[in-house]
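Asker: only geometry, no sequence info:
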């Protein structure tokens, strides 16, 4: 990974505070992944994340419980969210995710170990999983 990938372009000082937080968090994710564990998660104002629904619960559970470099099956995430029989609903929640990467739906895979689908495309999902694995290996 080149340092060119980790440049933040000018103009961030003109952004609102929540957008600056997102830029900082994404910079850390791609360039200094160990920092993501210590950064505050940007404020989310999307209506889906404010609802009291299974989808919202799944997304918050994923954000809170599945750490950088980890993967979880749809079924296991359903268990963590409180409904062990809702693996298909977890897939629906992943499709509804309004902020992929920050809420890391790429970390949800099939029980068989296959990557499953991803809104950004399966190649992007594989790249993100590889990025996290590589960064963990570098840190070890």
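Answerer: On my side now, so go ahead. Since we're looking at a predicted model, the values are computed, not measured.

Asker: quick one, helices of the chain?
Answerer: 17-31, 47-50, 54-65, 74-80, 87-96, 122-139 (DSSP state H).

Asker: So which of these is nearest residue 104?
Answerer: helix 54-65 (6.5 Å; CB to CB). Every residue, glycine included, has its C-beta placed from N, CA and C.

Asker: circling back: least reliable of the helices of the chain by average pLDDT, please.
Answerer: Mean pLDDT is lowest for helix 47-50 among the helices of the chain, at a mean of 76.

Asker: What are the structural domain limits within this protein?
Answerer: 14-43, 44-139 (the TED database).

Asker: which of those is buried the deepest?
Answerer: Mean neighbour count (mean count of other CB atoms under 10 Å) peaks for domain 44-139 among the domains of the chain, with a mean of 16.

Asker: Show me how far it is from its chain's centre.
Answerer: Distance of domain 44-139 from the chain centroid (CA atoms, centre = their mean, to the nearest Å) equals 6 Å.

Asker: gap between the two ends of it?
Answerer: Domain 44-139 has its terminal residues 29 Å apart, counting by CA to CA, to the nearest Å.

Asker: now stretch 66-82
Answerer: Termini of stretch 66-82 sit 15 Å apart (CA to CA).

Asker: Likewise for stretch 95-114?
Answerer: 17 Å.

Asker: Geometric centre of the protein: which residue is closest?
Answerer: residue 104 (1.4 Å; CA atoms, centre = their mean).

Asker: now the domains of the chain as TSV including distance to residue 6?
Answerer: TSV is the format used below for the domains of the chain (distance: least, CB to CB, whole Å):
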stretch	distance to residue 6
domain 14-43	4
domain 44-139	12
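
Asker: before we move on, the earlier item: got the helices of the chain as a markdown table, with distance to residue 114 columns?
Answerer: Formatted as a markdown table, the helices of the chain follow (distance: least, CB to CB, whole Å):
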| stretch | distance to residue 114 |
| --- | --- |
| helix 17-31 | 24 |
| helix 47-50 | 27 |
| helix 54-65 | 18 |
| helix 74-80 | 11 |
| helix 87-96 | 13 |
| helix 122-139 | 10 |
